[in-house]
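[1] quick one, fold the following:
(chains A and B)
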Amino acid sequence: DGGITQSPKYLFRKEGQNVTLSCEQNLNHDAMYWYRQDPGQGLRLIYYSQIVNDFQKGDIAEGYSVSREKKESFPLTVTSAQKNPTAFYLCASSIFYGYTFGSGTRLTVV
Amino acid sequence: EDKVVQSPLSLVVHEGDTVTLNCSYEVTNFRSLLWYKQEKKAPTFLFMLTSSGIEKKSGRLSSILDKKELFSILNITATQTGDSAVYLCAVEPQGAQKLVFGQGTRLTINP
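    Numbers count the residues shown, from 1 in each chain, chains lettered A, B, ... in the order given. Sure, this is the predicted structure:
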């Protein structure tokens, strides 16, 4: 079955450590996205990529980095520069109309 | 700056009630408005609206867009406990290929 796989589902990290969240899709979608969700704030766009080897900053890119070396993969690194990284992270992909979301990764920094 | 505002932020009703969720937006070059239901993790697609005044319907759920007033509503009739979720409204600007989300409405249906 086609879909988006995010891993891990839950992640705990110590403050000051970088951490990478995985997002893989087998839908053959060109565009991929990373959103952050905090309680009461909906989804906010971190980074997006419309083609391989190209990506753009979203509304809250500071403290995050991404790469798009393969069409299927769009990993997100949460760096130590992100002041408040504890959140729920959602990956999505799209082609023309229609967005598909992964099941998310809940990151907790202790 | 593109903006989507949903109201109410939270709503608690009894099973069988009808609810209306609101979504207003300010976006340059509107392309489409989408509604999603989020129960635990991944948002699931409900409706996409591009034309004003045309109601989209799926079972007990329906939605309509008013492009003049920059507004959409999502109606749920005869609510069931399984309708409890966060409902997200998002707008896609023309040429942007990205979604701008509202804060979401947390709907709780009590038996």
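[2] where does the chain dip in pLDDT?
    This is for chain A. A:1, A:97 (pLDDT under 70).
[3] sorry, I should have been clearer: chain B.
    Chain B contains no residues with pLDDT under 70.
[4] near chain A, which residues of it show up?
    B:4, B:6, B:9, B:32, B:34, B:41-45, B:48, B:88, B:90, B:97-104 (Cβ under 8 Å from any Cβ of the partner chain). Using the backbone N, CA and C atoms, a C-beta is placed for each residue, glycine as well.
[5] ChimeraX command to pick out the buried ones of those?
    The buried residues among the residues of chain B next to chain A can be selected in ChimeraX (16 or more other Cβ atoms under 10 Å in any protein chain shown) with this line:
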select /B:4,6,32,34,41,42,43,48,88,90,97,98,99,100,101,102,103,104
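[6] isn't B:Phe101 up against A:Gln41?
    No: with contact defined as Cβ atoms under 8 Å, B:Phe101 and A:Gln41 do not form a contacting pair (9.0 Å).
[7] just give the nearest non-adjacent residue to A:Cys23, would you?
    In this structure, A:Cys23 finds its nearest non-sequential neighbour in A:Cys91, 3.5 Å apart by Cβ to Cβ, 6 or more residues apart in numbering or on different chains.
[8] can you list the residues of chain A near chain B?
    Residues of chain A lying near chain B (Cβ under 8 Å from any Cβ): A:31, A:33, A:35, A:40-45, A:48, A:50, A:58, A:90, A:94, A:97-99, A:101-104.
[9] which residue packs closest to A:Ile60, ignoring adjacent ones?
    Closest residue in space to A:Ile60, ignoring its immediate chain neighbours: A:Arg44 at 5.1 Å, by Cβ to Cβ, 6+ apart.
[10] for burial, what's the neighbour tally of that neighbour?
    Counted with other Cβ atoms under 10 Å in any protein chain shown, the neighbours of A:Arg44 add up to 16.
[11] check B:Thr50 too.
    Neighbours of B:Thr50 (other Cβ under 10 Å): 14.
[12] just the element for the nearest residue to it once chain neighbours are set aside, please.
    Spatially, and ignoring its direct neighbours in sequence, B:Thr50 is nearest to B:Ser32 (4.8 Å; Cβ to Cβ, 6+ apart). Here B:Ser32 sits within strand B:30-38, counting by DSSP states H and E.
[13] what does that strand rub up against?
    Here strand B:30-38 makes contact (Cβ atoms under 8 Å, 6 or more residues apart in numbering or on different chains) with A:97, A:99, B:23, B:25, B:43-50, B:63, B:65, B:67, B:72, B:74, B:85-96, B:99, B:104.
[14] if we can go back for a sec, got the buried residues for the helix or strand hosting the residue nearest to A:Cys23?
    Taking DSSP H and E as the definition, A:Cys91 sits inside strand A:87-94. Within strand A:87-94, the residues that qualify as buried are A:Ala87, A:Tyr89, A:Leu90, A:Cys91, A:Ala92, A:Ser93, A:Ser94, counting by 16+ other Cβ under 10 Å.
[15] quick one: which two of the residues you listed are the most distant?
    Greatest spatial distance among those (Cβ to Cβ): A:Ala87 and A:Ser94, at 21.7 Å.
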